[in-house]
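*Asks:* Structure of the sequence below:
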Amino acid sequence: MGRAPAVPRAGSASGVVPRVCARAQHRGCSAGARACFPGQSARRGEFRARAVRPTLTLAIAAGGAAGARGSGGSEEITFQLKMAADTSVDILQKVLENEILQTTKVVEEHLDAEIQKLDQMDEDELEHLKQRRLEALKKSQQQKQEWLSKGHGEYREIPSERDFFQEVKESKNVVCHFYRDTTFRCQIMDKHLTVLAKKHIETKFLKLNAEKSPFLCERLRIKVIPTLALIKDGKTQDYVVGFTDLGNTDDFTTETLEWRLGCADVINYSGNLMEPPFQSQKKYGTSFTKLDKKTIRGKIYDSDSDDD
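*Replies:* Residues are numbered from 1 along each chain as shown. Purely as a prediction, here's the structure:
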């Protein structure tokens, strides 16, 4: 028995069963629920948003509380860091104290050993030690006399360029001041060099009139007056040009010039070369012109300024 064909319902032009509203009060509606109530979906979304807002509010409140706790935590971390820094300083101080104590202990032990060694020496050993010391003093005195015989121990002027080469040849360490009579700063330099010549007899201190030695000034390229040529073993070790290396002031001290000569190793300087005796290092500076070693004859030396 065949199936009866479907009979189209009223209102359906195509014979397809239309979508019926799911609501009971709209059973006769041929449109869907969304089409029947266009604002329903929007209202449903608004309802969902209202349900989510309390959750967001709670989350924001929780975050604020956490931030408050974080602020307190930062203070606590800062306090802990400060405590750790203080502890590190205390530890470092204790380490330094231990190092000083250990060094002092080593020095004391060395002195005790030397004293004990002297106590255990017999007369022959003591006599031998005495002779060694006398020989060292005698040798030192002979060296001093030799320096004095070569013109050390005084600041003096040499008359000519020929004398300059002879003087440099005789001594290991020489400081030569190239001066001019009309330059006032040369007189300032003379005052300090006179003091240092008597103190450092291991070095020969000379002065030479630049106007009377044009050949030598041209060879050494001396353009600034005053200029000190610092000579060691017949070679120019360094130059002191004007007062730039001496604090750039006319009121520099003899100790400052002594330090500068010690930097060039032309005198036996007993101070600390790393601590120049300037009254104010920030004001005067600590840099100075350092040149390569060069022979007396014919090497280049230039200056960027003239000082009359």
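
*Asks:* shaky segments in the protein?
*Replies:* Across the chain, the ranges flagged by pLDDT under 70 are 1-73, 278-308.

*Asks:* Repeat the analysis, applying 90 as the threshold.
*Replies:* Under the criterion pLDDT under 90, the flagged ranges of the chain are 1-141, 143, 221, 247, 271-308.

*Asks:* what about the strands in the stretch 151-300 of the chain?
*Replies:* Shown for the stretch 151-300 of the chain, the strands assigned by DSSP state E, counting those that start in this stretch span residues 155-157, 173-179, 204-209, 227-232, 235-241, 294-295.

*Asks:* strand partners of the first one, parallel vs antiparallel please.
*Replies:* Partners of strand 155-157 in the sheet, by DSSP bridges, are strand 204-209 (parallel).

*Asks:* quick one: the strand it pairs with to strand 227-232, angle?
*Replies:* When axes from the mean of the first three to the mean of the last three CA atoms, to 10 degrees is applied, the directions of strand 204-209 and strand 227-232 differ by 140 degrees.

*Asks:* For strand 204-209, which outside residues touch it?
*Replies:* Identification of contacts with strand 204-209 by CB atoms under 8 Å, 6 or more residues apart in numbering yields 147, 150-152, 154-158, 161, 164, 167, 170-171, 173-181, 190, 193, 196-197, 216. From N, CA and C alone the C-beta is placed, and that goes for glycine too.

*Asks:* Make a ChimeraX selection of the buried ones in those.
*Replies:* Of those, the buried ones go into a single ChimeraX selection, burial set by 16 or more other CB atoms under 10 Å:
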select :147,151,152,155,158,164,167,171,173,174,175,176,177,178,179,193,196,197,216
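
*Asks:* Apart from its chain neighbours, what residue comes closest to Leu126?
*Replies:* Nearest non-adjacent residue to Leu126, counting by CB to CB, 6 or more residues apart in numbering: Leu118, 7.9 Å away.

*Asks:* Tell me, how many residues neighbour the one you found?
*Replies:* Counted with other CB atoms under 10 Å, residues neighbouring Leu118 total 11.

*Asks:* same question, the one 5 residues further on
*Replies:* For Glu123, the count of nearby residues is 7 (other CB under 10 Å).

*Asks:* now that we're looking at Leu273, how far away is Ile267 from it?
*Replies:* Distance of Leu273 to Ile267, given as CB to CB, to the nearest Å: 12 Å.

*Asks:* any idea how far His152 lies from Leu261?
*Replies:* Remark: distance between His152 and Leu261 (CB to CB) = 14 Å.

*Asks:* Please apply the same query to Asn98.
*Replies:* Computed with CB to CB, the distance linking Asn98 and Leu261 is 40 Å.

*Asks:* which one of those two has more residues nearby?
*Replies:* More crowded of Asn98 and Leu261, by other CB under 10 Å: Leu261, with 23 against 10.

*Asks:* Spatially, and excluding backbone neighbours, which residue is closest to the more buried one.
*Replies:* Ile267 (4.8 Å).

*Asks:* Touching, the one you found and Ala197? I think so.
*Replies:* No: using CB atoms under 8 Å, Ile267 is not in contact with Ala197; the gap is 10.2 Å.
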